Structures are given as C-alpha cells and as structure tokens.
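Colleague: With the sequence up front, the predicted model follows.
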Amino acid sequence: MDFNDYTTIEFPVFPHDQSIVYVLCFRRADASEEVPFYVGQSGRGLRRIADYISAQFDAATDFRVGVVVKALQDAGATISIKYKVSARRREDETSLILELRDNHALLNTEHSYDYRTADRETQRERFKTIARKLLDGTYRPGTDDGS
C-alpha cells in the first residue's frame with residue numbers, strides 16, 4: 001500500500017523507569033536554537049505529555065501548556081521534549097527551573113487561573129499571546145497579561 005497521503009509521526013521511545021524530569025523546548029522555523037519554555041516532572045513517564053495534548057481547561061497547567069504548544073506549532077515552530085530518568089524528580093524539577101529561569105522565560109512561573117470562575121476563551125487568548133511573545137522574545141513570566 002502507498003502511504004503518500006499519510007503523515008508520519010515517529011513513535012517515542014518510552015523510558016523503562018516512569019519517574020522523569022523533562023523540559024519542553026521550541027525551535028522557530030527560521031532558527032536552529034531550541035528554547036526551553038516549560039519544565040515538568042512525572043511519575044507516568046511520557047504519558048504526561050498526553051495531558052498537554054488534551055489541554056483540559058479544568059487542569060490549568062495542562063491547558064496553559066497545551067494552548068501554548070499548539071500556538072507555537074501553528075506559528076511554524078517545532079516542539080521537542082528533553083527528558084531524563086530521575087529518582088528525585090520533584091527536586092530535579094525545582095533545580096532545573098532555577099537554573100533555566102535566569103536565561104529563559106518559563107511558563108512555570110506564569111499566574112494560573114481558577115477554572116470555576118475564569119473564562120475559557122479569555123484564558124486561551126492569554127496563552128496564545130504568551131506563545132507569540134515567546135517566539136519574538138518579549139515574554140516576561142508572572143504578569144497577568146503575559147507582557
């Protein structure tokens with residue numbers, strides 16, 4: 001059978017140990033440098049990434065990261081996941097955030113929202129704006145509007 005009309009996605013290699021720390025990075029279409037924008041940890045290995053794909057509004061981190069990833073991709077950026085097995089994933093996550101935040105704007109410190117009272121579309125637009133600012137280098141975490 002000819003699969004020319006199909007898109008290929010390389011299946012990720014799953015770590016044998018599900019306790020990991022990871023960094024999400026983007027690379028603009030016109031650049032070669034990967035830029036870290038989110039640090040996380042998981043006891044479920046790479047299955048955690050599926051939460052960002054579904055981007056459920058009632059899970060603020062999943063929604064925030066998922067909307068930013070999609071907006072970056074829509075703008076032509078590629079997203080990569082850097083991960084390593086970690087016996088101390090929470091401590092390693094904290095250390096990595098502290099190390100990276102001096103030179104990179106991370107979503108980890110962005111204000112969250114209360115899904116019970118926040119407007120979904122307002123938050124979606126907020127995070128799409130943050131994605132645009134990540135791409136042009138003007139994003140400064142921790143402000144209400146992403147500026």
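Modeller: Cool, got the structure. Residues are numbered from 1 along each chain as shown.

Colleague: isn't there a strand covering V21?
Modeller: Yes. Per DSSP: H, G, I helix; E, B strand; the rest coil, V21 lies within a strand segment.

Colleague: From E121, how far out is it?
Modeller: Relative to E121, V21 is positioned 33 Å away (CB to CB, to the nearest Å). Backbone N, C-alpha and C define where each C-beta goes, glycine included.

Colleague: Those two: which is more packed in?
Modeller: With neighbours defined as other CB atoms under 10 Å, V21 and E121 compare such that V21 has more, 22 against 8.

Colleague: I figured that one hits G45, correct?
Modeller: No. Using CB atoms under 8 Å, V21 is not in contact with G45; the gap is 11.2 Å.

Colleague: The residue nearest the centre of the chain: what's it in contact with?
Modeller: Nearest residue to the geometric centre of the chain (CA atoms, centre = their mean): V65, 4.4 Å. Applying CB atoms under 8 Å, 6 or more residues apart in numbering, we find V65 in contact with 24, 38, 40, 52, 55, 107.

Colleague: before we move on, which element is it in?
Modeller: Assigned by DSSP states H and E, V65 belongs to helix 60-74.

Colleague: Averaged pLDDT, that helix. What do you get?
Modeller: What helix 60-74 shows for mean pLDDT is 97.

Colleague: Could you find the closest non-adjacent residue to R120?
Modeller: With sequence-adjacent residues excluded and distances taken as CB to CB, 6 or more residues apart in numbering, R120 is closest to F57, at 5.1 Å.

Colleague: give me every residue that touches the one you found.
Modeller: F57 is in contact with 63, 115, 120, 123, counting by CB under 8 Å, 6+ apart.

Colleague: hmm, which of the residues you listed are the buried ones?
Modeller: Taking 16 or more other CB atoms under 10 Å as the criterion, what is buried in those is 63, 123.

Colleague: Out of the contacts of F57, flag the one nearest to L96.
Modeller: L96 has its nearest neighbour among these in F63, at 22.2 Å by CB to CB.

Colleague: ranges for the strands of this structure?
Modeller: Secondary structure of the chain (DSSP state E): strands at 20-27, 35-42, 78-85.
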